[in-house]
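Novice: I would like the atomic coordinates for the input below:
(2 chains, ligands or ions: 2)
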Amino acid sequence: MDTKSKVKSNLQEAELYKTQGLLNEALEKYLRAGNLIRKDEQLARNKKLYNTVIQKIRALKAEIERIDSSPDTKEVSESVQNIIKEKFAYGEEGDARALEGAIALAKFGQYERALREFRDLMQQENVKVDSAKNIIRCHVTLDSIDDAIRQYEEWFRSNAFTPEQINRLRVFLQSILDKKGIDKTLPHKEVEAMPAESPAALYDNQEVMDGEIIEPEYVEGEVMEDEIQDEDIIDISSVEITLEEGPQKGQTVEYDVSFQSGRVINLLVSSSDKELIETLKTGLELRKVHFYSPMAMFNGEGVVFSKSKIESGPKQGDYSLDIEIKSIK
Amino acid sequence: MANINLKKREVECKIVYYGPGRCGKTTNLEYIFKNFGKQVTGDMVSTDTEGDRTLFFDFLPMGIGKIKGYDIRLALYTVPGQVKYSATRKMVLREVDGLVFVADSLKVRREKNMLSLKDLHQNLKEYGLSIFKVPLVIQYNKRDLADQGIPLMPVKQMNQDLNRQLKVPSFPASAVRGDGVGDTLKACIKLTLQSLKKQMGW
Ligand SMILES: Nc1nc2c(ncn2[C@@H]2O[C@H](COP(=O)(O)OP(=O)(O)OP(=O)(O)O)[C@@H](O)[C@H]2O)c(=O)[nH]1
Ligand SMILES: [Mg+2]
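Specialist: Residues are numbered from 1 along each chain as shown, chains lettered A, B, ... in the order given. Ligands and ions are numbered 1, 2, ... in the order given. Sure thing, here's the model as predicted:
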């Protein structure tokens, strides 16, 4: 092929790629054509041709720049929002599902609508605190920490929550503020002091953990639970362990996670499950574990990290089991 | 697992069109929307961003009749192909029942096809699904461009690149003209229903 035909075919390809929206591919072809022209004495004399190519290259670069810098999210129409709310909620029917729908809206960056949904859902007792937490998260994501604080203070003053609930919200928001280095102490109500090892204390503890492990930001469409890196651990609500040893070998047992600290989850095993307590020795590797987060299920591996008998409180005699998450697939 | 509504006796299967940016996923759905009027049960909803690229997803609802007294509905989605929307892609893929992988026949997109298939593999895995087990068909799109003298990969080579291990049904297509679009969808529906029947014990 002579240079002229090569130039022609490069330009032809470039034009087509451009109409296909394959801008980088088009750019490459224009650059190639430009180089061919420049290096060919005869063609180089045709200044008009060369300038046209240069102009095309400039325009294309600007277009690529524009597309690359386009926002990663935008407010979509109500009909699209309805689809997100309806189709991206996977749980059971009812309020829990509605909460998932609202979270999906937030994940797709539809914060205004999500906030409205969360506010409505706050009327439902079983998802009230979770909805409130998500309202806080939305404000935090939108960089309106002041709104988050104002909202908390409003709830604090009103009687919308029980002292225990408002305390959970306080711990949640306070940990976000602390993490962001914001010097602000939220007002708090006195909650009856609890003995350190009681499950209720663990629960309070969980809230502290919550604040630490949940990245309170819905980064562009990101699924929080999906980021399985060493530091970022998903929020795990329950586990299903397949036993590979002991009398119950081959069976699966399922437990709710009572609290979580980074990679370590804590389960409470009833004292009546003697065989199981025997089997789950410290150091035992658990090769088949399903980790359930509120939004998805993951397969993975863990190891029994520690085991201790609860000495007092309503769960006295039961076992507290720490499992370290080794991997999630 | 498909979304089953026992009360309404409805089953909704989620079919997702996956593939690299600009390969023609949205064009497939647009063609289906315009030409499969009988089965289409509602509007096609799109969310576009700069330069006509999909931002979140396209959505197209369809109905394909009854099995065992259950109304079988399909929800067709496309993912955004641009690399930077990886988190959204994964969200759209969640609970998928059937997949169409749209590959771009342009030679210059060879590597992008392979990367996108790898991305699909990885995302499925993270949902506990195997690309070898999920109902999947592959489409080799933009075959019409051969007429314009633009370098395309031969179908055989694409099969070698993308389908050597998977060995799933594959279809040459031109989504702008509509060639192969129906065949691709039908094959995907067939596999999806087979898997549904197994899961439902039908
Ligand atoms: N010639 C030709 N062009 C096609 C074909 N299919 C799609 N296109 C063109 O390719 C470009 C991209 O098509 P889309 O359907 O928007 O691609 P997409 O896969 O949805 O792209 P993203 O949303 O960015 O992931 C458009 O300009 C289409 O007209 C085809 O079969 N032949
Ligand atoms: Mg698209």
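
Novice: ok, B:Gln39 - contacts?
Specialist: With contacts defined as C-beta atoms under 8 Å, 6 or more residues apart in numbering or on different chains, B:Gln39 is in contact with B:Met62, B:Gly63, B:Ile64. Bear in mind the C-beta positions are built from the backbone N, C-alpha and C, glycine included.

Novice: and the nearest residue to the second one once chain neighbours are set aside, how close does it get to A:Glu92?
Specialist: Translated: B:Gly63. Distance criterion C-beta to C-beta, 6 or more residues apart in numbering or on different chains; nearest residue to B:Gly63, sequence neighbours excluded, is B:Thr41 at 4.6 Å. B:Thr41 sits 25 Å away from A:Glu92, taking C-beta to C-beta, to the nearest Å as the criterion.

Novice: cool, and A:Ile103?
Specialist: Distance from A:Ile103 to A:Glu92, by C-beta to C-beta: 15 Å.

Novice: ditto for B:Gly98
Specialist: 24 Å.

Novice: OK, contacts around B:Arg53?
Specialist: Counting by C-beta under 8 Å, 6+ apart, the residues that B:Arg53 touches are A:Gly21, A:Ile67, B:Gly21, B:Arg22, B:Pro80, B:Gly81, B:Gln82.

Novice: give me phi/psi at it?
Specialist: With angles defined as degrees, to the nearest 10, B:Arg53 sits at phi -80, psi 150.

Novice: quick one, what contacts A:Ser131?
Specialist: Counting by C-beta under 8 Å, 6+ apart, A:Ser131 has contacts A:Leu99, A:Ala102, A:Phe118, A:Arg119, A:Leu121, A:Met122, A:Gln124.

Novice: take those and keep only those in helices.
Specialist: Of the contacts of A:Ser131, the ones assigned to helices by DSSP state H are A:Leu99, A:Ala102, A:Phe118, A:Arg119, A:Leu121.

Novice: hmm, A:Ile135 and the third one touching each other?
Specialist: Yes. Contact criterion C-beta atoms under 8 Å: A:Phe118 and A:Ile135 qualify, at 4.8 Å.

Novice: so for residue 148, what's the pLDDT?
Specialist: Assuming you mean chain A. For A:Ala148, the pLDDT comes out at 96.

Novice: to clarify, I was referring to chain B.
Specialist: B:Gln148 is assigned a predicted lDDT (pLDDT) of 89.

Novice: now the one 3 residues further on
Specialist: pLDDT, the model's per-residue confidence, is 95 for B:Pro151.

Novice: show me what contacts the closest residue to it other than its chain neighbours?
Specialist: Of all residues not flanking B:Pro151 in the chain, B:Lys107 sits nearest, at 4.1 Å (C-beta to C-beta, 6+ apart). If a contact means C-beta under 8 Å, 6+ apart, then B:Lys107 has B:Pro151, B:Leu152, B:Met153 as its contacts.

Novice: kindly recompute the last result at 10 Å.
Specialist: Counting by C-beta atoms under 10 Å, 6 or more residues apart in numbering or on different chains, B:Lys107 touches A:Glu13, A:Glu25, B:Ile150, B:Pro151, B:Leu152, B:Met153, B:Pro154, B:Gln157.

Novice: and chain B, which residues reach ligand 1?
Specialist: Proximity of chain B to ligand 1 (C-beta under 6 Å from any ligand atom) is limited to residues B:19, B:21-27, B:52-54, B:78, B:80-82, B:141-142, B:144-145, B:174-176.

Novice: of those, grab the buried ones for ChimeraX.
Specialist: Those of the residues of chain B next to ligand 1 that count as buried under 16 or more other C-beta atoms under 10 Å in any protein chain shown are selected in ChimeraX with:
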select /B:19,21,22,23,24,25,26,27,53,54,78,80,81,82,141,142,144,145,174,175,176
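
Novice: just to be sure, which of the residues of chain B next to ligand 1 are found in strands?
Specialist: If you go by DSSP state E, the residues of chain B next to ligand 1 have B:Arg53, B:Thr54, B:Thr78, B:Asn141 in strands.

Novice: the closest residue in space to A:Asn46 that isn't next to it in sequence: neighbour count?
Specialist: In space, and not counting its chain neighbours, A:Asn46 is closest to A:Ile37: 7.5 Å by C-beta to C-beta, 6+ apart. Neighbours of A:Ile37 under the rule other C-beta atoms under 10 Å in any protein chain shown: 25.

Novice: same deal with A:Ala106?
Specialist: A count of nearby residues for A:Ala106, using other C-beta under 10 Å, gives 22.

Novice: tell me the contacts of it?
Specialist: Contacts of A:Ala106 (C-beta under 10 Å, 6+ apart): A:84, A:113-115, A:117-118, A:134-135, A:137-138, A:141, A:218, A:221.

Novice: which strand residues bridge B:Asn3?
Specialist: With DSSP bridges as the criterion, B:Asn3 is bridged to B:Glu12.
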